[in-house]
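> need a structure here:
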Amino acid sequence: MEAINYQWGHTRRFNAFSNYTKQKYGERMQKVSLDAGFTCPNRDGSIAFGGCTYCNNDSFNPSYCKTTSSITQQIDEGIIFLQKRYKTQKYLAYFQAYSNTYAPLEKLKKLYEEALSHPKIVGLVIGTRVDCVDEPKLNYLQELAKTTPITIEYGIESCYDTTLNFINRGHNFEQTCQTIKATANRGITIGSHLIFGLPGETRAQMLAEAKTVSQLPINFIKLHQLHIVKNTVMAHQYKKQPEIFQLFSLEEYLDFIVDFLELLNPEIIVERLFGEAPPYIMAGPTWGNLRNDAIMNLIEKNLEKRATWQGRLFKQIEQQVNS
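This is a model prediction of the structure:
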């Protein structure tokens, strides 16, 4: 336990985002999700149609996110929503729905700067795809990041091209690596997503992704199990070919995520260890009625039971890679 206290300054067994914000800003920060009416290049035909096969934006978009409301209105309603649960005074505007750099730069500037003009917003988190940024957009965000906390959150989803093709992602993993490195070279903070349980991936392959992403210059990561949600291509695939899906039970995931954390670079800040979706939208198995706090408690208890922590095996792997 001493190693964990020494490295992060807290006693949790992983590098938790909530602790990071308290240390950096003196208090917990909350994200206000926004829907600015974007789409994606694999939805509108620029690259493909239909979007990623697992994606239904309703599975994660809060009720206050409505494209009929302005950015300012969504922020106001989001803060009211969040204040029911959190005693927070500082917020990050989270452009979450679809690909939030997929528009001309002038339009992006207008949206981002409207969010930053809100008195309780101190920074931006911009969710997007690696094929939806270019040099002018990165240059603008680089300038903005000199005075304002800016995070670009990229959906990695998988490190394997076979999987990316299967889910209709529309780009390969090499593009992911190139874009992440170009973003990091400008000093912009980088968030990332990984999904576990995508068809065709073995447990060994998913664990190997810990080593892969640990070599990338990312600051934050969100980890979550695959959900099968209604009104998606994947829901139809699951109905017709359930045998191609190896979805995690809760017990399996509790062990898997601890194994993954052991291999993950301890410098990477973990924002999420599992995903959730409203029960009414699920088309596949769920973990019952367990709330977020209960699942997090189970993960932390499993870390404690196994006397392990994030990055416990990372140095060993790093030495093997460099030898």
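> Could you look up the SS state of the residue nearest to residue 157 when sequence neighbours are not counted?
In space, and not counting its chain neighbours, residue 157 is closest to residue 195: 5.0 Å by Cβ to Cβ, 6 or more residues apart in numbering. C-beta: built from backbone N, CA, C; applies to glycine. Three-state assignment for residue 195 (DSSP: H, G, I helix; E, B strand; the rest coil): strand.
> Now for residue 195, how many residues are close by?
When neighbours are counted by other Cβ atoms under 10 Å, residue 195 registers 22.
> And for residue 105?
Residues contacting residue 105 under the criterion other Cβ under 10 Å number 13.
> give me every residue that touches it.
136, 137, 140 (Cβ atoms under 8 Å, 6 or more residues apart in numbering).
> The residue nearest to residue 298 when sequence neighbours are not counted - how many residues pack around it?
Counting by Cβ to Cβ, 6+ apart, residue 298 lies nearest to residue 254, which is 5.7 Å off, once chain neighbours are set aside. The tally of other residues near residue 254 (other Cβ under 10 Å) stands at 18.
> Local confidence estimate at residue 254?
If you check residue 254, the pLDDT there is 97.
> Correct me if wrong: it contacts residue 300.
No - Residue 254 lies out of contact with residue 300 (Cβ atoms under 8 Å); the separation is 10.3 Å.
> The residue nearest to residue 157 and residue 159 touch, don't they?
No - using Cβ under 8 Å, residue 195 is not in contact with residue 159, being 11.0 Å away.
> can you tell me the helix or strand for residue 223?
In the assignment (DSSP states H and E), residue 223 maps to strand 220-225.
> List the strands paired with that strand, with their directions.
strand 189-196 (parallel), strand 269-272 (parallel) (DSSP bridges).
> and the next element down the chain from the last one?
Looking back up the chat, that one is strand 269-272. Counting by DSSP H and E, the next helix or strand C-terminal to strand 269-272 is helix 292-305.
> Show me which residues of that next one are buried.
295, 298, 299, 300, 302, 303 (16 or more other Cβ atoms under 10 Å).
> Need these in JSON lines (columns: distance to residue 178).
Output for the buried residues of helix 292-305, formatted as JSON lines (distance: Cβ to Cβ, whole Å):
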{"residue": "295", "distance to residue 178": "35"}
{"residue": "298", "distance to residue 178": "38"}
{"residue": "299", "distance to residue 178": "33"}
{"residue": "300", "distance to residue 178": "36"}
{"residue": "302", "distance to residue 178": "36"}
{"residue": "303", "distance to residue 178": "34"}
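> out of the residues you listed, who's nearest residue 127?
Nearest to residue 127, judged by Cβ to Cβ, of the buried residues of helix 292-305 is residue 295 at 22.6 Å.
> where does residue 253 fall, phi/psi-wise?
Main-chain torsions, residue 253, degrees, to the nearest 10: phi -70, psi -40.
> what's the spacing between the residue nearest to it when sequence neighbours are not counted and residue 254?
Among residues not flanking residue 253 along the chain, residue 225 sits closest, at 5.5 Å (Cβ to Cβ, 6+ apart). For residue 225, the distance to residue 254 equals 11 Å [Cβ to Cβ, to the nearest Å].
> Show me the strands in the protein, by range?
30-34, 91-95, 121-128, 150-157, 189-196, 220-225, 269-272 (DSSP state E).
> got JSON lines for the ones you listed, with mean pLDDT and distance to residue 240 too?
Output for the strands of the chain, formatted as JSON lines (pLDDT from 0 to 100; distance: least, Cβ to Cβ, whole Å):
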{"stretch": "strand 30-34", "mean pLDDT": "93", "distance to residue 240": "33"}
{"stretch": "strand 91-95", "mean pLDDT": "96", "distance to residue 240": "35"}
{"stretch": "strand 121-128", "mean pLDDT": "97", "distance to residue 240": "30"}
{"stretch": "strand 150-157", "mean pLDDT": "97", "distance to residue 240": "22"}
{"stretch": "strand 189-196", "mean pLDDT": "98", "distance to residue 240": "21"}
{"stretch": "strand 220-225", "mean pLDDT": "97", "distance to residue 240": "21"}
{"stretch": "strand 269-272", "mean pLDDT": "96", "distance to residue 240": "30"}
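> which residues of the protein score low on pLDDT?
The chain contains residues with pLDDT under 70 at 1-6, 9, 59-63, 316-323.
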